[in-house]
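Engineer: Pasting the sequence and the predicted coordinates here, then a few questions.
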Amino acid sequence: MASRITVSRTSPRDVKHRQVIVKVDGEPFATLLYGETETRELPPGSHRLHFDNTWVWKNIDFKLAGGEHAKFNVINRAGRLTWWMVALLGAGPMYLTVEREQEGAPTGDLDI
């Protein structure tokens, strides 16, 4: 039985700048701008999500059971000095937070 994953970029905590490039098991999955969501089928088993906002990257390893639908929310967020650097240099660091939604449970940070 096929499984699915959904990756969203819809958190109100997102700074709404830069794209986030998502790969699954080394293969292109989506390039998400703020407000976008992508869903795909995957075979059950172990997988790796790779997130890259062209400044930093994160890897998340996860397992899918048959028929499971795993949902992840990626948040592109500013650091303490980001806006100062943007004002001074025209660019600054954006960091990634990835949350996995558990069925029947509130979302929680996987990687900050």
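Structural biologist: Thanks, I have it.

Engineer: Pull out the buried residues from the helix or strand where residue 73 lies.
Structural biologist: Using DSSP states H and E, residue 73 maps to strand 69-78. The neighbour-count check on strand 69-78 (16 or more other C-beta atoms under 10 Å) flags 70, 71, 72, 73, 74, 75, 76, 77, 78 as buried. (C-beta placed from N, C-alpha, C; glycine too.)

Engineer: same deal with stretch 43-63?
Structural biologist: In terms of neighbour count (16+ other C-beta under 10 Å), stretch 43-63 has its buried residues at 47, 49, 50, 51, 52, 53, 58, 60.

Engineer: So which residue is smack in the middle of the chain?
Structural biologist: Nearest to the mean C-alpha position of the chain, by C-alpha atoms, centre = their mean, lies residue 74 at 2.9 Å.

Engineer: in the sheet, who's paired with that one?
Structural biologist: For residue 74, the beta-bridge partners under DSSP bridges are residue 98.

Engineer: Now do residue 102: how many residues are near it, please.
Structural biologist: Residue 102 has 11 neighbouring residues, counting by other C-beta atoms under 10 Å.

Engineer: With residue 36 as the reference, measure out to it.
Structural biologist: From residue 102 over to residue 36 the distance is 22 Å, taken as C-beta to C-beta, to the nearest Å.

Engineer: go on, residue 64?
Structural biologist: Going from residue 64 to residue 36 by C-beta to C-beta gives 22 Å.

Engineer: Give the residue from these two that has the larger number of neighbours.
Structural biologist: In this view residue 64 and residue 36 are compared by other C-beta under 10 Å, and residue 64 has more residues nearby, 18 against 14.

Engineer: OK, contacts around that one?
Structural biologist: Residues near residue 64 by C-beta atoms under 8 Å, 6 or more residues apart in numbering: 3, 5, 42, 43, 44, 45, 47, 70.

Engineer: just to revisit the earlier point, wait, the residue nearest to the centre of the chain touches residue 100, no?
Structural biologist: No: if you go by C-beta atoms under 8 Å, residue 74 and residue 100 don't touch, sitting 10.5 Å apart.
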